[in-house]
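Novice: Give me coordinates for this.
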Amino acid sequence: MSTDANEHLNDWLRDAHAMEKQAHTMLDSLASRLEHYPDLRSYLTQHREATHGQRDQLEACLKRRGSSVSALKDIGARLAAFGQELSGMLVSDEVVKGAMSCYVFKQMEIASYTVLVAAADAAGDQETKTVCAQILQQERQMAAWLLEHLPAITTAFLARAATPGAKAKV
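Specialist: Take a look at the predicted model:
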């Protein structure tokens, strides 16, 4: 395979690393504010830990390939997560919009890891392909959990919002 395929794979691995940093910050921020949605908080906290492991696996792939993470991309991802956090704090239905945002973000991760699996295969890097395929499966499971639980999260929010004196936002 050409050097270009390896360069693209390294670049996309750096993108995924930054994406996982963004996900970790986003999950941590939302989970830390959730008071009245324990199932969602528990699942987000659990996935936040998985995200940390995914980030470490991507760093290991990059190192093994003779590359490294991109500080610039990581900073950009953290800034994007901070912006998401601020915007979520300003809306009255943060838990619903936060869950929806997490689901959309999971779909982007699924697309990214699908690309990485194909790119690693094309570059002949079976170890990276295996790592990315495992992470892809984790992201699919998280997306499925969120999609399955969005109706219950919405219903719980609406019930709390309709109860005088109850805090529904988070």
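Novice: Going along the chain, name the helices of the chain.
Specialist: In the chain, the helices defined using DSSP state H lie at 3-33, 38-64, 71-89, 94-122, 126-162.
Novice: Mind putting these into TSV with mean pLDDT and mean neighbour count?
Specialist: Placement of C-beta: from N, CA and C, glycine included. Formatted as TSV, the helices of the chain follow (pLDDT from 0 to 100; neighbours: other C-beta atoms under 10 Å):
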stretch	mean pLDDT	mean neighbour count
helix 3-33	89	20
helix 38-64	93	17
helix 71-89	52	15
helix 94-122	94	19
helix 126-162	96	16
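Novice: Pull the contacting residues for the nearest residue to residue 150 once chain neighbours are set aside.
Specialist: Take residue 150 and drop its neighbours on the chain: the residue closest to it by C-beta to C-beta, 6 or more residues apart in numbering is residue 99, 5.9 Å away. With C-beta atoms under 8 Å, 6 or more residues apart in numbering as the criterion, the residues that contact residue 99 are 40, 146, 149, 150, 153.
Novice: and what of residue 131?
Specialist: Applying C-beta under 8 Å, 6+ apart to residue 131 gives the contacts 57, 58, 60, 61.
Novice: thought residue 36 was touching residue 160?
Specialist: Yes: with contacts counted by C-beta atoms under 8 Å, residue 36 reaches residue 160, the gap being 6.1 Å.
Novice: Find the centremost residue of the protein, please.
Specialist: residue 23 (3.7 Å; C-alpha atoms, centre = their mean).
Novice: Could you verify my assumption that that residue touches residue 105?
Specialist: Yes: between residue 23 and residue 105 there is a contact at 6.4 Å, judged by C-beta under 8 Å.
Novice: C-alpha coordinates for stretch 47-61, CSV please?
Specialist: Taking Å, rounded to 0.1, in the frame of the first residue of the first chain, the C-alpha atoms of stretch 47-61 are listed here in CSV:
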residue,chain,number,x,y,z
HIS,A,47,-18.9,5.0,28.9
ARG,A,48,-16.7,7.8,29.9
GLU,A,49,-14.3,5.2,31.4
ALA,A,50,-14.5,3.2,28.2
THR,A,51,-13.7,6.3,26.2
HIS,A,52,-10.6,6.8,28.3
GLY,A,53,-9.5,3.3,27.4
GLN,A,54,-10.3,3.9,23.7
ARG,A,55,-8.1,7.0,23.7
ASP,A,56,-5.2,5.0,25.2
GLN,A,57,-5.6,2.3,22.6
LEU,A,58,-5.5,4.9,19.8
GLU,A,59,-2.4,6.4,21.3
ALA,A,60,-0.8,3.0,21.4
CYS,A,61,-1.7,2.4,17.7
